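Asker: Build me a model from this:
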Amino acid sequence: MKRAYSPRDIAAKKWRTLPWDERWSGPFGEPAETASWFICGRSASGKSSFVMQLAKEFCRYGIVLYVSYEERVNQSFQRRMGYLGMNEVQGHFRVITDDTYDELVARLKAPKSPRFVIIDSFQVAHDMGMDYPKAKALTEMFPKKCFVFVSQEKKGEPMGGGALKLRYWCDMKIWVSGYKAYCQGRSINDAGSYFTVWEKGLVQTSNKIQTSNKIQTSNKIQTNENK
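Answerer: Residues are numbered from 1 along each chain as shown. As a prediction, the model looks like this:
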C-alpha cells in the first residue's frame with residue numbers, strides 16, 4: 001500500500017527555492033528550484049524573449065539546456081541571444097535542436113547533466129516522440145530537475161488537448177501577453193503583478209490600445225450626434 005501523508009509529514013517537508021530578486025519574486029513568488037513551468041502566449045507577445053530571460057536567470061543557479069525544437073538555431077534565435085546578453089552565461093547555457101525523446105532522456109541521465117530543461121515548444125516536441133504522458137514522465141523521472149514547457153496558443157488557450165493537461169500538471173503557469181508575463185499558477189505572489197518582458201514594446205502596446213480606445217470613443221460620439 002502506498003504511503004499516506006499526515007499533516008505533520010507535509011508540514012515537515014522542505015524545498016530549496018529560487019533565491020531571485022524582487023523583479024522575479026514580485027510576480028512569481030519563490031518557487032522551488034525543481035518546480036515545473038508551463039509558459040503560453042500567442043505569437044509576437046514577447047513569449048520567446050521572456051523564456052530566454054528566464055533561461056538566463058536560471059543560469060545563475062545551474063546549467064540550463066534549451067531544447068529549441070521550434071525555432072532551432074535560426075537568425076531570430078541568434079539575435080535574441082545577442083540582445084539579451086547570453087554570452088554572459090557562456091558556461092551554463094547549452095542549446096540542442098533535434099534530440100528525440102529517448103535521446104533527451106539519455107542526455108539527462110548522464111553525469112553532470114543540466115538542472116534546468118526548457119522545451120520549446122511542446123507542440124513541436126510531439127514530432128520528436130513527446131506527448132503529455134511522456135512530458136509528465138520526464139518530471140517524475142528526474143525529480144531534482146526543473147522542466148519548462150513552452151506552448152503555442154490558439155484562441156487564448158494552449159494548443160492541443162495534451163498541452164491543456166500539461167498546464168494543469170505544472171506548478172508554475174505563465175501567460176505572456178503584450179510583453180507582460182503573468183503568473184496564473186499556485187505560486188502567485190502579488191495579485192495583479194507581472195514581469196515586464198520588454199519596456200519599449202509595453203509602451204508601444206499601451207499607446208496602441210489608448211489610440212484604439214480614443215478612436216472608438218470618437219466614433220461613438222459622432223454616431224450619437226448623427227442620430
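Asker: I'd say residue 125 and residue 97 touch.
Answerer: No - Residue 125 is beyond contact range of residue 97, at 11.5 Å (criterion: Cβ atoms under 8 Å). From N, CA and C alone the C-beta is placed, and that goes for glycine too.
Asker: neighbour-wise, which of the two wins?
Answerer: residue 125 (24 against 15; other Cβ atoms under 10 Å).
Asker: Find the nearest non-adjacent residue to residue 120, please.
Answerer: residue 150 (4.0 Å; Cβ to Cβ, 6 or more residues apart in numbering).
Asker: which residues pair with that neighbour across the strands?
Answerer: residue 39, residue 120 (DSSP bridges).
Asker: Surely residue 194 is in contact with residue 182?
Answerer: Yes - Residue 194 lies in contact with residue 182 (Cβ under 8 Å); the separation is 5.0 Å.
Asker: Against residue 165, how distant is the residue nearest the centre of the chain?
Answerer: For the chain, the residue nearest the mean C-alpha position is residue 39 (3.3 Å; Cα atoms, centre = their mean). Going from residue 39 to residue 165 by Cβ to Cβ, to the nearest Å gives 16 Å.
Asker: Now do the SS call for residue 176.
Answerer: Three-state call for residue 176 (DSSP: H, G, I helix; E, B strand; the rest coil): strand.
Asker: What degree of burial does the nearest residue in space to residue 144 that is not next to it in sequence show, as a neighbour count?
Answerer: With sequence-adjacent residues excluded and distances taken as Cβ to Cβ, 6+ apart, residue 144 is closest to residue 34, at 6.0 Å. For residue 34, the neighbour count with other Cβ under 10 Å is 18.
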